[in-house]
Structure formats: structure tokens, C-alpha cells
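J.: 3D model of this:
(one chain, ligands or ions: 2)
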Amino acid sequence: MPMTLDPCAKPGLIHPDEAIPLLLSQVSAIDDSEMVRLAEALDRVLAEDLASGLDLPPFDNSAMDGYAFRFDELNGQESGSFKLAGQAFAGHPFKGELPPGHCVRIMTGAPVPAACDTVQMQEQTQVQDDAILIQAPKGKGANVRRRGEELKAGTRVLTAGTRIRAAELGVIATIGISQLRVVRRPIVAFFSTGDELRPVGSELAPGQIYDSNRYSILGLLQKAGVEWLDLGVIPDDPEALRQAFRTAAAKADMVLTSGGVSVGEADYTKQILEQEGQIHFWKLAIKPGKPFAFGRIGKALFCGLPGNPVSSMVTFHKLVWPMLLKLQGQAQSQPLMLTAALSTAVRKQPGRVEYQRGILSRNAEGALEVALTGSQGSGMLTSMSLANCFILLDQYQGDLQVGETVMVEPFHGALA
Ligand SMILES: Nc1nc2c(c(=O)[nH]1)N[C@H]1C(S)=C(S)[C@@H](COP(=O)(O)OP(=O)(O)OC[C@H]3O[C@@H](n4cnc5c(N)ncnc54)[C@H](O)[C@@H]3O)O[C@H]1N2
Ligand code: MOO
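T.: Ligands and ions are numbered 1, 2, ... in the order given. Below is the predicted model:
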């Protein structure tokens, strides 16, 4: 799909609310799907709607351990005495006839005999020699879970695009489905760029640092449920980069890189993508995460995350995560936002939306409060690991004092 919009044609910073729809307009949902066994379907995305072939529950059954009987046989009295005709256990229905004045011992989940309409829990009954004294329940039908009361056969239970969580695994099992069609996992290839980067496990020479972004991005990709292809650290060498881009684009739906997207010198990524695909360099009105590159190489989408470790995580969360949702046919979700009182002062220059890292908790009175994790440098990745939320500060916001109310976005999605 050609890129029709180049927001960098506009002067100034692009607000993330403007950037996200532009990015999403370039993403098409994957249309390949595969069958998986139910036990392997966790975190996969449904490729088709699922309807129930059964009424749920499939038969009238008891919600309590007790006695099933005909309500009208109480004749409006506060209690009545019934003879026991038999028993119904879960998986073992009562099969006999139910003569007038009789009841059936019944367990939770057992089919309610056709002749009965009501169950009384055993705590509201008394065994008296060979009779059962049943206190009148509130009404006819008490403690009976009616066939089809949750849903009727033929009802759509789950829609295409639903990510399967533990609850969905159970729902799908409830309707008796053992295999289901899910969207092929997107393949995301990623590599870090930068001559200062060394892989963990090696020695550092002066001026070198360990490549951490590949690990935080790996974590985000694993959480996002995609298939990932780790191409390592690619040195600032045009041929090595070209090769890495070609390998990545041949196999992946999306190529992610970190580093080299600001105004620095070593700009081979730009050269190569201009020759082999398309690239746009954006300056976003977010902090951290101002520089961001977006484009295409072959059939793959390309996202160039900024090298600063917090910036790469924030841009992944804000920009890449919505693209991954769309690639998998999932709906965009609006994050849960809360308000909390600041328990530390916040420094903020007007200009960019800020994602400061916070620790959200309840104070002794039960009210939500949020503290900064400490210094907010975009190279300080411990600010992310200490945090459980972002403190969201508007573009034109200035400094804030202790006690002022701020919006917070608890970590969710791949960050949680
Ligand atoms: N003159 C300007 N300089 C910078 C600007 C700017 O607007 N004008 N923007 C700053 C901002 S904001 C950011 S964010 C960074 C982004 O820079 P790059 O994407 O070009 O990234 P690098 O320069 O390669 O690296 C930045 C920083 O992050 C470290 N890094 C890089 N990759 C990794 C990795 N895989 N693991 C750990 N750390 C990594 C790198 O060593 C640098 O310290 O640019 C600012 N500069
Ligand atoms: O956007 Mo950069 O991430 O401010 O450091």
C-alpha cells in the first residue's frame, strides 16, 4: 500500500493522536489463519466468529445441593412434607417417575427432573424419619438454572478479532469446540543499531554499553503474542544494514529497529530505506519518544524506534502496539485512565505530551496517589521497571506541585 501521507511535510511536532491514525491507515489486517487446538489457543486472536451449538446451560439444573420438588404442592404453605423418590447427581439424572407429594434429593449441577420446577437448598429442609420437610422458597423456579438462560443455541458467543484469554478458553470449551481458527501470528523482525552496543555476555570496551533495547523489545513482542525474529545488533555499516533489512523484510510483516532515528550522523537506515522502500522521519510531540521513523520495506511495515531505552518502550507502547492490534484484526482499545493526586512534585516544560513514570497506590484514606519513580531521563530504564503506570501530562502543561490531580494510565497491554 503506498504511503499517502507524510506528516513531516507539516512544520512542528506531530501530536500522537494525529500520528496513530496515520500509522493505522497503513496497516492491513493479516488474512492468513490457521487451526489450533483449544489448549494452544491462549493469547491467539480468533479469525472467525464462534456460535454456540448448544443452549447454555444445556439442561435445567440445580444451583444448590438440596431437594427438587413441585412448588405448587406447597399449596401456599410456609413448608411442606415430601417423600423421597430418588436422587439426581451431577452426571447421573433421576430416571424414575415422581408421584405426587414426592421430592428428589439433588446436587448442584444435576439435571432437575422434568416433573420438578423448584429446588430448596438443604439448609432450608429437615429430614424427618422417611419424609423431608421443605420450607417454602421465595418462588417457583428457585435455585433452578434454566436451560438456555445464559444463551440459546445459534447465538454468537465470540467475534473474530477477540484475543483469547483464560475466560475465552473456558467459554469455547463450554460450547464444546476443540479446534478453532486463529489469525496467523504477525512476524516481527527486529534489530538494534549502534556501534556502541555490545551483546550481554561480552566484555565492554571504553565507550560501549550493553544492548538492552533488544531485550525490552523482545519482552514487549512476546507479550504482544507475535512471532519474533531477533537479528541482533547490526553495526553502522551500510552493507550489513542492507542485508539485515532484506532478511527481515523477506520474512516479516513488520521490521522494528532501535536507534539512529534522530538527527545523528550515521544515517544509513535512511539511505537504505529510501533505496529499498520508503521512510519518513517524524518528530512526535511526546516525551520520551520524539524521533520516530515509519515506512515500508518490501511488503513489511517498518518502524524505527528511538535508541533511548525508555523512548523505545514508550513509542512501542503508543505507536507499535496499536499497529500490532490492527495487524491481528483486533479492535483498538482505549486505555483505562485514572486520576490520582501527585505525592511528588513534577517538572514539565510545555511542548510535548509527557509519559512520566509513576507508582500508583492507595493512601491510608483509600484515595489514589501517584509518585514519580525518580529521575525521568529517557536513558534511565529503571524508571520503567520501578513504575506501574504512566503519569500523562498534556502538551502545554507546566510544572505541577504535590497534591495536584493528574491523569494516570496504569501499565497494560504488552507493558503489564
Ligand atoms: N541534536 C539532537 N539530538 C537529539 C535529538 C534531537 O532532536 N536533536 N533527539 C534526542 C532524543 S529526544 C532521542 S529519543 C534520541 C534518539 O536518538 P536515536 O534514535 O538516534 O538513537 P541513538 O542516537 O542511536 O541512541 C540514543 C541513546 O540510546 C542509546 N541506545 C541506543 N540503542 C540502544 C540499545 N539497543 N540499548 C541500549 N541503549 C541504546 C545510545 O547509546 C544513546 O545513548 O536522540 C536525542 N538526540
Ligand atoms: O524523545 Mo527523547 O526520547 O526525549 O529522549
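J.: going forward, measure contacts and count neighbours with C-alpha atoms only.
T.: Will do.
J.: So what's the residue count around the residue in the stretch 101-250 of the chain positioned nearest to ligand 2?
T.: Among the residues of the stretch 101-250 of the chain, Asn213 lies closest to ligand 2, at 13.0 Å counting by C-alpha to the nearest ligand atom. Neighbour count of Asn213, defined by other C-alpha atoms under 10 Å: 26.
J.: looking at this, Glu18 is in a helix?
T.: Yes - under DSSP: H, G, I helix; E, B strand; the rest coil, Glu18 sits within a helix.
J.: Need phi/psi at the residue of the stretch 101-250 of the chain closest to ligand 2.
T.: Dihedral pair for Asn213: phi -60, psi -30, per degrees, to the nearest 10.
J.: swap in the one 4 residues further on?
T.: The phi and psi values for Ile217, taken as degrees, to the nearest 10, are phi -70, psi -40.
J.: how about the residues of the protein near ligand 1?
T.: Contact residues, the chain versus ligand 1 (C-alpha under 6 Å from any ligand atom): 192, 194, 211-214, 258-264, 289-291, 306-309, 311.
J.: one more time with 5 Å
T.: Ser192, Asp211, Ser212, Asn213, Gly259, Gly260, Val261, Ser262, Lys290, Pro306, Gly307, Asn308 (C-alpha under 5 Å from any ligand atom).
J.: which ones are touching the fourth one?
T.: Listed by C-alpha atoms under 8 Å, 6 or more residues apart in numbering, the contact set of Asn213 reads Ser192, Ser258, Gly307, Pro309, Ser312.
J.: Would you agree the first one is in contact with Thr257?
T.: Yes - Ser192 is within contact range of Thr257, at 5.5 Å (criterion: C-alpha atoms under 8 Å).
J.: Looking at these two now, which is surrounded by more residues?
T.: Thr257 (28 against 25).
J.: So the more buried one belongs to a strand, correct?
T.: Yes - under three-state DSSP, Thr257 falls within a strand.
J.: Which positions are bridged to it in the beta structure?
T.: Under DSSP bridges, the beta-bridge partners of Thr257 are Phe191, Gly304.
J.: mind checking how far the residue of the chain most remote from its centre is from Ser258?
T.: Most distant residue from the mean C-alpha position of the chain: Asp129, 57.2 Å away (C-alpha atoms, centre = their mean). From Asp129 over to Ser258 the distance is 80 Å, taken as C-alpha to C-alpha, to the nearest Å.
J.: Next, the buried residues of stretch 215-228.
T.: For stretch 215-228, the neighbour count (16 or more other C-alpha atoms under 10 Å) marks Ser216, Ile217, Leu218, Leu220, Leu221, Ala224, Gly225, Val226, Trp228 as buried.
J.: Wait, a helix at the third one?
T.: Yep, that's Leu218 we're talking about. Yes - read with three-state DSSP, Leu218 is one of the residues of a helix.
J.: can you pull the contacts of it?
T.: Trp228, Asp230.
J.: just the strands in the stretch 1-150 of the chain please.
T.: Counting by DSSP state E, counting those that start in this stretch, the stretch 1-150 of the chain has strands at residues 33-37, 50-51, 61-62, 66-69, 79-88, 102-106, 118-121, 125-128, 131-135, 144-145.
J.: The last one pairs with which strands?
T.: Strand pairing for strand 144-145, using DSSP bridges, gives strand 61-62 (antiparallel).
J.: what's the helix or strand for Gly295?
T.: Taking DSSP states H and E as the definition, Gly295 sits inside strand 291-297.
J.: Just the C-alphas of the lowest-mean-pLDDT helix or strand in the chain, formatted as CSV.
T.: In the chain, the helix or strand scored least confidently by mean pLDDT, DSSP states H and E is helix 268-276, which has a mean of 89. What follows is helix 268-276 as a C-alpha-only set of coordinates in CSV (Å, rounded to 0.1, in the frame of the first residue of the first chain):
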residue,chain,number,x,y,z
TYR,A,268,22.5,4.5,6.6
THR,A,269,19.0,3.4,7.6
LYS,A,270,17.6,6.5,5.8
GLN,A,271,19.7,5.8,2.7
ILE,A,272,18.8,2.1,2.5
LEU,A,273,15.1,2.5,3.1
GLU,A,274,14.9,5.3,0.6
GLN,A,275,16.6,2.9,-2.0
GLU,A,276,14.7,-0.2,-1.0
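J.: Mind giving me the packing neighbours of it?
T.: helix 238-251, strand 291-297 (3 or more C-alpha pairs under 8 Å, 6 or more residues apart in numbering; DSSP states H and E).
J.: most tightly surrounded among the ones you listed?
T.: strand 291-297 (a mean of 23; mean count of other C-alpha atoms under 10 Å).
J.: what angle sits between that strand and helix 268-276?
T.: Here strand 291-297 runs at an angle of 30 degrees relative to helix 268-276 (axes from the mean of the first three to the mean of the last three C-alpha atoms, to 10 degrees).
J.: In the stretch 51-200 of the chain, which residue sits closest to ligand 1?
T.: Using C-alpha to the nearest ligand atom, Ser192 is the residue of the stretch 51-200 of the chain that sits closest to ligand 1, at 4.9 Å.
J.: Now do the contacts for that residue.
T.: Residues near Ser192 by C-alpha under 8 Å, 6+ apart: Asp211, Asn213, Arg214, Gly232, Val233, Ile234, Thr257, Ser258, Gly259.
J.: now the residues you listed in JSON lines, with pLDDT and distance to Leu24?
T.: Below are the contacts of Ser192 laid out as JSON lines (pLDDT from 0 to 100; distance: C-alpha to C-alpha, whole Å):
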{"residue": "Asp211", "pLDDT": "98", "distance to Leu24": "29"}
{"residue": "Asn213", "pLDDT": "98", "distance to Leu24": "24"}
{"residue": "Arg214", "pLDDT": "97", "distance to Leu24": "24"}
{"residue": "Gly232", "pLDDT": "96", "distance to Leu24": "27"}
{"residue": "Val233", "pLDDT": "95", "distance to Leu24": "28"}
{"residue": "Ile234", "pLDDT": "94", "distance to Leu24": "28"}
{"residue": "Thr257", "pLDDT": "96", "distance to Leu24": "19"}
{"residue": "Ser258", "pLDDT": "95", "distance to Leu24": "20"}
{"residue": "Gly259", "pLDDT": "92", "distance to Leu24": "22"}
